[in-house]
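>>> Okay, sequence plus prediction incoming.
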Amino acid sequence: MHPKCILTIAGSDSGGGAGIQADLKTITVLGGYGLSVITALTAQNTKEVTGICAPDSGFVLKQLQTVLFDFPVAAAKTGMLFSSQIIEEVSQGLKDKEFPLVVDPVCVSGSGHKLLEEEAFQKLKEKILPLADLLTPNKLEAEILSGMKINGEEEVFLALEKLLVLGPEAILLKGGHFNNDAGAAPSGCPDEIVDWLAIKGKEPVPIKRSKVMTKNTHGTGCTLSAAIATFLGQGHDLLSAVQRARDYLQLALRANFDLGAGSGPVNHLAPLIKLKRKDKVIEQLIEVRKEILKRENFHLLIPEVRMNIGLALPWPENIRDVAAFEGRISHTSDGQVIIGWPAFGASSHMAKVVLAANRVNPEIHCAVNIRYTQQIVEAVEKAGFTMAWFDRQDEPGDLKEKEGSTLEWGTFTALSDHPHPEQVVAIADRGEAGKEPMIRIIGEDTKDVMEKLDRIINRLREKG
């Protein structure tokens, strides 16, 4: 079965992070076949756009007609269109389209360089927006197109109404730029990004994601619109396509490249890198299994509720990204360790510890729970490891009702409240009624964690 053909009509970015380059990377990684119509060449890097060279508008139309004549286009997107003449030609080429069109109304680059000529704004509104199945403006673009300032939720809804009148079937107003304005974030939460999806005849829907703290955001708009177009071309409805595209962008942002002296690009290859690392994670846990079975006195660290070791893929997002041992790690009365085989999703509890720790310290990808006794606490401290604590009694009532939420809340709280979270090795709690007290050892990988466990065991031997 052939991949769906997804067309991008946009400018070229010589820095590779935005424009046609970002679109084609996105389409390919998400399983589409990328087609392109180049509307402009830009000379740019992570800091600035130093020049723009646009082809003759007739040649832009020639590209578009040639592609549409031969390829079964399933969806398309537009990005930088640059001039009134190019907009006119592109609109002519798309007027009889039978596929969904995502319009990213690119006006200004991230570095502040204009990517659309002044006189082209009206032509964009008249000729391209009525063809759009989805328009994806950021704050500045929405303000230009709607003719109003947007500083809060009421203005967001009014702007969405004004934009829908211009002809597109739906609007996705991106929230990233709102959070740069003090007090203007429609979400009301500084750690959250909210995009608003407005479909004709329906109430606007908020699309919420955690804010990724990074300066490397070059190409986010291009990437998102290309991803939406790809998912639409693959048969997803609009809400599903937007949700999936937002998840992809979230991962690409977390895995960003710190390239150049300015704003680096998002990492379009992140899903493929994670997929490639799956076998490696399982191999590492199998090796750890062998090491554990060779260790003397390892059983001294195993709690009553048994032990497990969680190891995450790069940029983990959920428990399916964390592998652990099925059946946990236990021992017989004579100290013989019993351990299952690793699998992804095998331990939701340890996965939540790893995920929470990774949110605070992205270097953490591995965690293991060990027995809590005063001797072990002293061994941890004598090994030179920094400890952080949480009290189960402090957990909010609404979280306590959710199975496994305590570990996620407790890990995140203990690390966030510590003055030097990057130094923390052990996270402990003294338990409560029906809950065994526990220590969790965290580290960058299995090798790091096993070395820490060996140091703890050595301190226990010294005491013994």
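Nice, thanks for sending it over.
>>> can you tell me the helix or strand for the nearest residue to P342 once chain neighbours are set aside?
Once flanking residues are discounted, P342 sits nearest to L285: 3.7 Å by CB to CB, 6 or more residues apart in numbering. The C-beta positions use only the backbone N, C-alpha and C, and glycine is treated the same way. Assigned by DSSP states H and E, L285 belongs to helix 270-294.
>>> Strand partners (parallel or antiparallel) of the helix or strand just after that helix?
Counting by DSSP H and E, the next helix or strand C-terminal to helix 270-294 is strand 309-312. Partners of strand 309-312 in the sheet, by DSSP bridges, are strand 322-325 (antiparallel), strand 366-371 (antiparallel).
>>> Report the backbone C-alpha coordinates of stretch 161-181 in CSV.
Listed next in CSV are the C-alpha coordinates belonging to stretch 161-181 (Å, rounded to 0.1, in the frame of the first residue of the first chain):
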residue,chain,number,x,y,z
GLU,A,161,-15.5,34.5,15.0
LYS,A,162,-13.9,37.2,12.9
LEU,A,163,-11.5,34.7,11.3
LEU,A,164,-14.3,32.2,10.5
VAL,A,165,-16.2,35.0,8.6
LEU,A,166,-13.2,35.2,6.3
GLY,A,167,-14.0,31.8,4.8
PRO,A,168,-12.0,29.0,6.4
GLU,A,169,-14.0,26.0,7.7
ALA,A,170,-12.0,25.9,10.9
ILE,A,171,-9.4,27.8,12.9
LEU,A,172,-6.6,26.6,15.1
LEU,A,173,-5.4,29.6,17.1
LYS,A,174,-2.0,28.6,18.4
GLY,A,175,-1.3,29.5,22.0
GLY,A,176,2.5,29.5,22.2
HIS,A,177,2.9,33.3,21.8
PHE,A,178,0.3,34.1,24.4
ASN,A,179,2.4,32.7,27.2
ASN,A,180,5.1,35.2,26.4
ASP,A,181,2.8,38.0,27.4
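>>> Quick one: residues in contact with the helix holding L285.
29-30, 248, 251-252, 254-255, 267, 298, 309, 311-315, 321, 323-325, 329, 337, 339, 341-344, 445-446, 450 (CB atoms under 8 Å, 6 or more residues apart in numbering).
>>> Could you give the separation of it from the chain centroid?
The chain centre lies 22 Å from the centre of helix 270-294; the measure is CA atoms, centre = their mean, to the nearest Å.
>>> quick one: low-confidence parts of the stretch 301-450 of the chain?
For the stretch 301-450 of the chain, the stretches flagged by pLDDT under 70 are 399-404.
>>> Show the residue spans covered by the strands in it.
Using DSSP state E, counting those that start in this stretch, the strands of the stretch 301-450 of the chain run over 309-312, 322-325, 329-331, 337-339, 342-344, 366-371, 386-389, 424-429, 438-443.
>>> Including mean neighbour count, could the strands paired with strand 309-312 go into TSV?
Converted to TSV, the strands paired with strand 309-312 look like this (neighbours: other CB atoms under 10 Å):
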stretch	mean neighbour count
strand 322-325	26
strand 366-371	26
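>>> Turn those into JSON lines, columns for distance to T413.
Output for these, formatted as JSON lines (distance: least, CB to CB, whole Å):
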{"stretch": "strand 322-325", "distance to T413": "20"}
{"stretch": "strand 366-371", "distance to T413": "15"}
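>>> Any idea which of these gets closest to E169?
Between E169 and those, the tightest spacing by CB to CB is seen for strand 322-325, at 39.5 Å.
>>> Please work out how many residues are found near the residue lying closest to P396 once chain neighbours are set aside.
Nearest residue to P396 in three dimensions, chain neighbours excluded: W409, at 7.5 Å (CB to CB, 6+ apart). Applying the criterion other CB atoms under 10 Å, we find 20 residues in the vicinity of W409.
>>> now swap in L129 and tell me
Count around L129 with other CB under 10 Å applied: 20.
>>> got a list of what it touches?
L129 sits next to V103, P105, L135, L145, L163, L166, G167, P168 when contact means CB under 8 Å, 6+ apart.
>>> Pull out the buried residues from the residues you listed.
By neighbour count, with 16 or more other CB atoms under 10 Å, the contacts of L129 hold V103, P105, L135, L145, L163, L166, P168 as buried.
>>> what helix or strand is the fifth one on?
Read it as L163. Remark: L163 resides in helix 153-165, with elements defined by DSSP H and E.
>>> Can you give me the buried ones in that helix?
E153, E155, V156, F157, A159, L160, L163, L164.
>>> Quick one: list the elements packing against it.
Contacts defined by 3 or more CB pairs under 8 Å, 6 or more residues apart in numbering; DSSP states H and E place helix 153-165 against helix 139-146, strand 170-173, strand 192-199.
>>> Report the next helix or strand after the last one in sequence order.
Counting by DSSP H and E, the element after strand 192-199 in chain order, helix or strand, is strand 205-210.
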